[in-house]
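J.: Provide a 3D model corresponding to the input given below.
(chains A and B)
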Protein chains: 2
Amino acid sequence: MTKVIIALDIMGGDRGPHVFSSAVTKILSEFPFVHIVLCATESSANDLITKVPSHLRAQLSVEACEQVVDMQMKPAFALRKMKNSSMRRALDLVNNQLAHGCVSSGNTGALMAMANYVLKTLNGISRPALVSSLPTRKDKKVLLLDLGASINCDAENLLQYAVMGSVLQQSCGEVDSPKVALLNVGEEDIKGNSVIKHADALLKECAGLDYIGYVEGDDIFAGEVDVVVTDGFTGNIALKASEGIAKLVIEEIKSLTKETFVARCLSKFMLPLLKNLYQRMNPDQYNGASLIGLRGIVIKSHGNASAEACYYALKQAISEINLSVPDRIRTKIEKELLEH
Amino acid sequence: MTKVIIALDIMGGDRGPHVFSSAVTKILSEFPFVHIVLCATESSANDLITKVPSHLRAQLSVEACEQVVDMQMKPAFALRKMKNSSMRRALDLVNNQLAHGCVSSGNTGALMAMANYVLKTLNGISRPALVSSLPTRKDKKVLLLDLGASINCDAENLLQYAVMGSVLQQSCGEVDSPKVALLNVGEEDIKGNSVIKHADALLKECAGLDYIGYVEGDDIFAGEVDVVVTDGFTGNIALKASEGIAKLVIEEIKSLTKETFVARCLSKFMLPLLKNLYQRMNPDQYNGASLIGLRGIVIKSHGNASAEACYYALKQAISEINLSVPDRIRTKIEKELLEH
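T.: Sure thing, here's the model as predicted:
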């Protein structure tokens, strides 16, 4: 396997840099061809290194940075003033081809602004999109995008999201001909605002996509489609509302197991089952939202991600690097959107 | 108790008129002061009446209609051509003060268009909103609006939704000073599009509301706020996405109970627990979305509602009638939005 270099910004997350140590250890031992460049203040990098078994340390190097983009910083400020930050340095490494991709759990707005500025979008793509894989009621996953990279978007943007999502689901998701749908408030042709209707017309004309039309909010998780396309405002809210209700249901089940005597007795049997459920629903394994449409690979790990979640974000980076996702998107965009 | 007259359109739902028979029976025996006017074709009305115990039939009358608005009909067509439909007749009864409120499980788009045309909005309200009560992680419910009455909306509309939601939560939800929040993609002031930011400014100025600022999608179900305000596109998708994931989690639990031997043995103990959970999460009890902001009471029962769900929709109508919700909204709107 060719060497894979990942620039990892360990600074910005809510839980502090140490949360990455076990994820880094696990990745380096599982994937001996992976090299990680820790983008961090010198002390944080050293702290982390001491927690990684010594025989793996040869797969690590440090890009020492003085600045840290914090979670409250405005994107425009971070872009202008944080040129020596761990986040910016990780992106620079990708841009200078010193890393094949980067992972950050820092401030999402700042990461998107910086990534856009440093890496630039691919030819034919106006804006990058944040995309993540989610569970469905069938035995497969669905990609939802945009999850909030841009708040306002037009029909052309939605078309580009559809093409990018389809490529990602084809490569990382291993779906031959991904079914793509537009998120709307009804399945009938008359539903939706003018942007949606225009996007629907553009998608119908796009020969290289298996576009199936509109789906509603509950269809995201039905497992009938592989890619669901929407604007960043709606996508972000749909995703978070779903996380909210999933948390509610799971808490509810846990509290039910405590309510009755029989349930309390059963709870020791039920706990492994619940754990099993958690495993499949676990937001951790859906960590590692990809910022796609750029000339480089950028993975956004959740700010509050656990060690396990950080592991999945790194794995997502490795997968996108091995599959050359940006190249595949470029090729598809050229074929579907630029040749006409 | 004063007599309460409800006009009930039993025609338009997906499951056919008969689904209402047990709901009607239950309501009439529980609430002897309620009278229901069945708006239906003569044969459907008679069918239903035969299923209601004879001692309750004095509480029923029939408004025989020749036309039925079907689920696929476009709102504009229904408005122009369906003047003798059960749906229209139910609204006419409310408008002519022959009923105190109406319930329909028919075509939502048509119902909203007709209700708006027949009943008109209250002074100071530009558009009605569809609102429903949802479960939270605390021991209370939250109101989410708009769920799709209008797709596009401006800051003034959002302000009006906030006032209406607050009144509804205060009267039907019995919350003294409801906490109102705007749904956004982040809690920071810099987040969101221009409509949201403008609405935020208007809400901050509105003295009669306990406005707490922005909340994100997962906060809808956290139980920290009483009313969550958003546009109809986002609200509809947030609601349905949540329904989708809740269905997924519950199916997942059910299938887990079948997977292992121990689980299979436990399932007969677990089923009552699951039933209990269902009960609290049951979308049926959240049936009966109110179309508020009109000069009359209109309850939209889900098109695919079960008999139990129809019961809750009727109960919601009784509650809004007893509390004179439109009068309360008018008073609050006059005080908060028109006196300045």
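
J.: which residues touch the residue lying closest to residue A:41 once chain neighbours are set aside?
T.: Among residues not flanking residue A:41 along the chain, residue A:65 sits closest, at 6.4 Å (CB to CB, 6 or more residues apart in numbering or on different chains). (C-beta placed from N, C-alpha, C; glycine too.) By CB atoms under 8 Å, 6 or more residues apart in numbering or on different chains, the contact set of residue A:65 is A:11, A:39-41, A:84-86, A:88-89.

J.: did I read that right, residue A:237 in a strand?
T.: No - going by DSSP: H, G, I helix; E, B strand; the rest coil, the assignment for residue A:237 is helix, not a strand.

J.: make sure it is actually in contact with residue B:217.
T.: Yes - Residue A:237 is within contact range of residue B:217, at 4.2 Å (criterion: CB atoms under 8 Å).

J.: list the residues that contact both of the two?
T.: Common contact partners of residue A:237 and residue B:217 (CB under 8 Å, 6+ apart): B:183, B:238.

J.: quick one on the thing from earlier: taking the contacts of residue A:65, tell me the two that lie furthest apart.
T.: The largest distance within the contacts of residue A:65, taken as CB to CB, falls between A:41 and A:88 and amounts to 13.5 Å.

J.: in which helix or strand does residue A:14 reside?
T.: If you go by DSSP states H and E, residue A:14 is not part of any helix or strand.

J.: also residue A:39?
T.: Here residue A:39, judged by DSSP H and E, is contained in strand A:34-40.

J.: ok, residue A:200 next?
T.: Element membership for residue A:200 (DSSP H and E) is helix A:194-205.

J.: other SSEs contacting the helix or strand just after that helix?
T.: Next along the chain after helix A:194-205, taking DSSP H and E as the criterion, comes strand A:210-215. Contacting strand A:210-215 under the criterion 3 or more CB pairs under 8 Å, 6 or more residues apart in numbering or on different chains; DSSP states H and E are the following elements: strand A:179-183, helix A:194-205.

J.: can you rerun that using 6 Å?
T.: strand A:179-183 (3 or more CB pairs under 6 Å, 6 or more residues apart in numbering or on different chains; DSSP states H and E).

J.: got the CA positions of the strand it packs on in CSV?
T.: Extracted in CSV, the C-alpha atoms of strand A:179-183 (Å, rounded to 0.1, in the frame of the first residue of the first chain):
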residue,chain,number,x,y,z
LYS,A,179,-30.4,6.7,-6.2
VAL,A,180,-30.4,10.4,-5.6
ALA,A,181,-33.4,12.4,-4.3
LEU,A,182,-34.2,16.0,-3.4
LEU,A,183,-35.6,16.7,0.0
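
J.: angle of it against strand A:210-215?
T.: Relative orientation of strand A:179-183 with respect to strand A:210-215: 30 degrees, computed using axes from the mean of the first three to the mean of the last three CA atoms, to 10 degrees.

J.: Provide the strand pairings for strand A:179-183, with the direction of each partner.
T.: Strand pairing for strand A:179-183, determined by DSSP bridges: strand A:210-215 (parallel), strand A:227-229 (parallel).

J.: quick one: the longest one to helix A:194-205, angle?
T.: Right, strand A:210-215. 160 degrees.

J.: not counting its own residues, what contacts strand A:210-215?
T.: For strand A:210-215, the external contacting residues (CB atoms under 6 Å, 6 or more residues apart in numbering or on different chains) are A:177, A:179-182, A:184, A:187, A:203, A:225.

J.: how about a cut-off of 8 Å?
T.: A:162, A:166, A:177-184, A:186-189, A:191-192, A:196, A:200, A:203-204, A:222, A:224-225, A:228.

J.: what is the end-to-end distance of stretch A:122-132?
T.: Terminal residues of stretch A:122-132 lie 19 Å apart, using CA to CA, to the nearest Å.

J.: in that stretch, what counts as buried?
T.: By neighbour count on 16 or more other CB atoms under 10 Å in any protein chain shown, the buried set for stretch A:122-132 is A:122, A:124-125, A:127-132.

J.: so it, near chain B or not?
T.: No - no part of stretch A:122-132 sits near chain B under the criterion CB under 8 Å from any CB of the partner chain; the closest distance found is 10.9 Å.

J.: quick check: mean pLDDT across that stretch?
T.: The predicted model assigns stretch A:122-132 a mean pLDDT of 94.

J.: any idea how far it is from the chain center?
T.: Centroid separation between stretch A:122-132 and its chain, computed with CA atoms, centre = their mean, to the nearest Å, is 13 Å.

J.: which residues are in contact with the closest residue to residue A:223 other than its chain neighbours?
T.: Excluding the flanking residues, the one nearest residue A:223 by CB to CB, 6+ apart is residue A:138, at 2.8 Å. Contacts here follow CB under 8 Å, 6+ apart; on that basis residue A:138 touches A:222-224.

J.: so how far is residue A:111 from residue A:149?
T.: 10 Å (CB to CB, to the nearest Å).

J.: quickly list what the most centrally placed residue in chain A is bridged to.
T.: Centroid-nearest residue in chain A, with CA atoms, centre = their mean: residue A:289, separated by 0.5 Å. When assigned by DSSP bridges, residue A:289 has beta-bridge partners residue A:300.

J.: okay, it: pLDDT?
T.: We have a pLDDT of 89 for residue A:289.

J.: from residue A:317, how far out is it?
T.: As for residue A:289, its distance to residue A:317 is 11 Å (criterion: CB to CB).

J.: now do the shared contacts for these two.
T.: residue A:299.

J.: ok, whichever strand or helix holds residue A:134: who's next to it in the sheet?
T.: Remark: residue A:134 resides in strand A:129-135, with elements defined by DSSP H and E. If you go by DSSP bridges, strand A:129-135 pairs up with strand A:141-145 (antiparallel), strand A:289-292 (antiparallel).

J.: out of those, nearest to residue A:24?
T.: strand A:289-292 (19.5 Å).

J.: ok, residues contacting that closest one?
T.: Contacts of strand A:289-292 (CB under 8 Å, 6+ apart): A:111-112, A:115, A:128-132, A:145, A:147, A:149, A:164, A:168, A:297-300, A:302, A:316, A:320, A:325-326, A:329.

J.: residue numbers of the stretch 101-250 of chain A in contact with chain B?
T.: Within reach of chain B by CB under 8 Å from any CB, the stretch 101-250 of chain A has these residues: A:109, A:135-137, A:148, A:151-152, A:183, A:185-186, A:188, A:190, A:192-193, A:216-222, A:230, A:232-234, A:236-250.

J.: return the member of the buried residues of stretch A:122-132 nearest to residue A:58.
T.: Distances from residue A:58 to the buried residues of stretch A:122-132, taken by CB to CB, are shortest for residue A:132, at 32.6 Å.

J.: just for the stretch 151-300 of chain A, where's the confidence low?
T.: Applying pLDDT under 70 to the stretch 151-300 of chain A flags the ranges A:187-190, A:256-287.

J.: what's the farthest-apart pair in the buried residues of stretch A:122-132?
T.: Using CB to CB, the buried residues of stretch A:122-132 span at most 22.8 Å, a distance reached by A:124 and A:132.

J.: give the contact list for residue A:329.
T.: With CB under 8 Å, 6+ apart, residue A:329 has these contacts: A:122, A:125, A:163-164, A:167-168, A:292-293.

J.: how long is stretch A:205-219 end to end?
T.: One end of stretch A:205-219 to the other measures 23 Å (CA to CA).

J.: swap in stretch A:26-42?
T.: End-to-end distance for stretch A:26-42: 22 Å, by CA to CA.
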